[in-house]
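Peer 1: A predicted structure for the sequence below; I have some questions about it.
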Amino acid sequence: MQLSVLIPTFRRPEHLARCLHALEEQTKSATQVLVVARESDTETLALLSRESFRLPLQIVLVDVPGQVAALNAGLERVEGEVVAITDDDAMPRPSWLERIARHFASDSTIGGVGGRDHLHDGRRYRERAVVGKIQWFGRHIGNHHRGVGPPRYVDVLKGVNMSYRMRAVGALRFDTRLLGAGAQLNNDMGFSLRVKQMGWRLLYDPAVAVDHFSAERLDDDGRRRRSSEAVRNESYNETVVILEYLPLRCWPVFFAWAVLIGHTSLPGCAQCFRRAAFGRPAWWMFKPVVLGRFMGLRTVAIGRPRAGAHEGGRTRRPSIERTDIQLAWTDQSTSTR
């Protein structure tokens, strides 16, 4: 099986170099490694020109800011049967590509494979069994960085560690309506839900692992510093993605939950009170969260076409050739790390 690796990057050359060196150590070699950089990113281009990597490396240049444009430019150049996507601040473990290929070969109905990203940020995380799920009313449960246990099917894959069968991708592309000039949060959730809606299955295996060093984002979507605009953009993006996935009857419940409760990143009333009780004021986020929710509702309600969802972007539902017995393939020595 031929595998392409796609890495969007922006002004983090040291991290990118570590990622590329990790790809050199894979037990299964990549057929193609695509690094997508902005034309203005002189630091990254200097690294790629002065250092040589033992990889089939191709550089793709974009002049539009944002991860969506970078990912879409990379997808246009993919040559492999499978594209494995990771971030420049991640370091895939040596068996990463081999495990991905095994899973895709085991079941022809698998459209996407993801795994755990082991965060190296100095914090301790409790391990979880529930990973990558969308509850019936639209609440997203991530926990990809905490996942343990055997491989299982999920609703959502995480951008730092996700791969797709190109036959499942077809003409589908990341949603260009999403806001932001950097990470454009929730683009990975939207893409994986679209693949799932087309009849493909998404698999999460904690043993398909990368080490994630969570470098600061050099844009308005920063990890440690967030503006009101960034909060509004994240709220808008999540709302668009979730509403297009949920049946119409669930929309009121999603909005009630989002405004009255919410979650840590996009707090509703209850989360704002909770954070205030712990000395972490969050009321400044409430207005942009609500604004983003209603902007997202308007976008979906007026029926603007989904990016990549034209007739050519729809992939035929795969025939169900179950080989679940092979799904249990995993190395027990690493699957619960």
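Peer 2: Happy to help now that I have it. Everything quoted here is computed from the prediction, not taken from an experiment.

Peer 1: contacts, neighbours, all on C-alpha from now
Peer 2: Will do.

Peer 1: residues contacting Y164?
Peer 2: Listed by C-alpha atoms under 8 Å, 6 or more residues apart in numbering, the contact set of Y164 reads 82-84, 111-113.

Peer 1: okay, the top strand by length along the chain in CSV with CA atoms only?
Peer 2: Taking DSSP state E as the assignment, the strand of the chain that covers the most residues is strand 201-212. As requested, the backbone C-alpha atoms of strand 201-212 are provided in CSV (Å, rounded to 0.1, in the frame of the first residue of the first chain):
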residue,chain,number,x,y,z
ARG,A,201,-16.1,4.0,8.9
LEU,A,202,-13.6,5.9,11.1
LEU,A,203,-11.3,3.9,13.3
TYR,A,204,-9.4,5.1,16.4
ASP,A,205,-6.4,3.0,17.7
PRO,A,206,-4.4,4.4,20.6
ALA,A,207,-1.4,2.4,19.3
VAL,A,208,-1.3,4.5,16.1
ALA,A,209,0.6,7.1,18.1
VAL,A,210,2.4,10.4,17.7
ASP,A,211,4.1,12.6,20.3
HIS,A,212,2.6,16.0,20.3
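
Peer 1: Could I get the full set of helices for the stretch 151-300 of the chain?
Peer 2: Counting by DSSP state H, counting those that start in this stretch, the segments of the stretch 151-300 of the chain that form helices are 166-169, 187-197, 228-245, 251-260, 269-277, 283-301.

Peer 1: JSON lines for those helices, including distance to P151, mean pLDDT and mean neighbour count?
Peer 2: Output for the helices of the stretch 151-300 of the chain, formatted as JSON lines (distance: least, C-alpha to C-alpha, whole Å; pLDDT from 0 to 100; neighbours: other C-alpha atoms under 10 Å):
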{"stretch": "helix 166-169", "distance to P151": "20", "mean pLDDT": "98", "mean neighbour count": "21"}
{"stretch": "helix 187-197", "distance to P151": "17", "mean pLDDT": "98", "mean neighbour count": "22"}
{"stretch": "helix 228-245", "distance to P151": "24", "mean pLDDT": "96", "mean neighbour count": "23"}
{"stretch": "helix 251-260", "distance to P151": "29", "mean pLDDT": "97", "mean neighbour count": "17"}
{"stretch": "helix 269-277", "distance to P151": "32", "mean pLDDT": "94", "mean neighbour count": "16"}
{"stretch": "helix 283-301", "distance to P151": "33", "mean pLDDT": "97", "mean neighbour count": "19"}
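
Peer 1: Of those, which is nearest F137?
Peer 2: helix 251-260 (5.2 Å; C-alpha to C-alpha).

Peer 1: Which strands and helices lie in contact with the closest one?
Peer 2: Under the contact criterion of 3 or more C-alpha pairs under 8 Å, 6 or more residues apart in numbering; DSSP states H and E, the helices and strands touching helix 251-260 comprise helix 269-277.

Peer 1: picking up where we left off before, dump the helices of the stretch 151-300 of the chain into JSON lines; add distance to L203 as well.
Peer 2: Listed next are the helices of the stretch 151-300 of the chain as JSON lines, based on distance: least, C-alpha to C-alpha, whole Å:
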{"stretch": "helix 166-169", "distance to L203": "14"}
{"stretch": "helix 187-197", "distance to L203": "11"}
{"stretch": "helix 228-245", "distance to L203": "18"}
{"stretch": "helix 251-260", "distance to L203": "25"}
{"stretch": "helix 269-277", "distance to L203": "31"}
{"stretch": "helix 283-301", "distance to L203": "28"}
